[in-house]
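Trainee: build the 3D model from these lines:
(one chain, ligands or ions: 1)
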Amino acid sequence: MKCVVICGPSGVGKGTLINMLLKDKGCGRLGFSVSHTTRKPRPAGEVDGVHYNFITHEVMEKLLKKSKFLEHARVHGNIYGTSFEAVEKVICDGKICILDIDVQGVRACRRSKLEAAYVFIAPPSIAELERRLTGRGTESEEQVTKRLRNAIGELQDSHQPGLFDFVIVNDDLQKAFRQVQTSSSSLEPSPSSSSLLS
Ligand SMILES: Nc1ncnc2c1ncn2[C@@H]1O[C@H](COP(=O)(O)OP(=O)(O)OP(=O)(O)O)[C@@H](O)[C@H]1O
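Mentor: I've put the predicted structure just below:
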């Protein structure tokens, strides 16, 4: 197994859980693949090359044409994508690669036969998701409404047979963290020379 794919509605706590995984001593064998996005960095300290590779629409379209991406998605007017290079970089370091992608991306990875544990993070309720999105304060009211509408569809998708290996409700953060740890604990890093796809 080479990757852990983390998916879930915006604001559910994916980034929070991934940060906890990366900081946890026992998870030193995990690494994060840095996605590309055409969206602007959030004012509260998102760093280019760390949280995302921030690029223009034009450059993104060029890279897509050259088939440089394992998966990509057009979400909320922006393009997000995981490049083969970003994933291979983590695997070449001898680590299991964590990917933070949306449902469209998960489908693309499944189609590509990417060897991974596919984990869906669900909110305890839509009302709580709204509280988290509003509390984070990084989206306008209109964007929050759009994300909540999308969340309902994503929650339905999480039940699609064969799409996710684990569905974890992020109610109590520490409990959800332990469950995400367990979902990836049976995974072993692959030899760095082996192929990304099965
Ligand atoms: N279990 C939890 N209980 C309460 N608040 C939480 C919990 N998990 C995360 N949060 C909070 O919810 C907000 C959204 O979390 P986060 O930014 O990690 O979401 P995300 O899924 O990565 O969103 P996006 O996909 O938009 O980047 C943050 O303010 C975070 O502190």
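Trainee: please make it C-alpha for all contacts and neighbour counts, starting now.
Mentor: Will do.
Trainee: and residue 41, how many residues sit next to it?
Mentor: By the measure other Cα atoms under 10 Å, the count of residues near residue 41 is 15.
Trainee: also residue 62?
Mentor: 11.
Trainee: residues touching it, list them.
Mentor: Contact analysis of residue 62 by Cα atoms under 8 Å, 6 or more residues apart in numbering lists nothing.
Trainee: go again with 10 Å.
Mentor: residue 68 (Cα atoms under 10 Å, 6 or more residues apart in numbering).
Trainee: give me the mean pLDDT for the helix or strand harbouring it.
Mentor: Element membership of residue 62 [criterion: DSSP states H and E] is helix 57-65. Here helix 57-65 scores 98 as its mean pLDDT.
Trainee: now whatever helix or strand comes next after that helix and helix 57-65, what's the angle there?
Mentor: Toward the C-terminus, helix 57-65 is succeeded by strand 69-75 as the next helix or strand (DSSP H and E). If you take axes from the mean of the first three to the mean of the last three Cα atoms, to 10 degrees, strand 69-75 sits at 140 degrees to helix 57-65.
Trainee: isn't residue 148 up against residue 10?
Mentor: Yes - counting by Cα atoms under 10 Å, residue 148 does reach residue 10; the two are 8.0 Å apart.
Trainee: before we move on, back to that, identify each buried residue in the helix holding residue 62, please.
Mentor: residue 60 (16 or more other Cα atoms under 10 Å).
Trainee: mind listing the helices for this structure?
Mentor: Applying DSSP state H to the chain gives helices spanning 14-23, 57-65, 84-92, 103-111, 126-136, 141-157, 173-185.
Trainee: hang on, residue 32 packs against residue 99?
Mentor: Yes - assessed by Cα under 10 Å, residue 32 is found in contact with residue 99 at 6.5 Å.
Trainee: between the two, what contacts are shared?
Mentor: Jointly contacting residue 32 and residue 99 under the rule Cα under 10 Å, 6+ apart are 3, 4, 18, 86, 87.
Trainee: distance check, the residue lying closest to the last one once chain neighbours are set aside against the ligand.
Mentor: Spatial nearest neighbour of residue 87, excluding adjacent residues (Cα to Cα, 6 or more residues apart in numbering): residue 33 at 5.3 Å. Here the distance between residue 33 and the ligand works out to 14 Å (Cα to the nearest ligand atom, to the nearest Å).
Trainee: pull the contacting residues for residue 33.
Mentor: Residues near residue 33 by Cα under 10 Å, 6+ apart: 3, 50-52, 82-91, 96-100.
Trainee: now do 6 Å
Mentor: 86, 87, 99 (Cα atoms under 6 Å, 6 or more residues apart in numbering).
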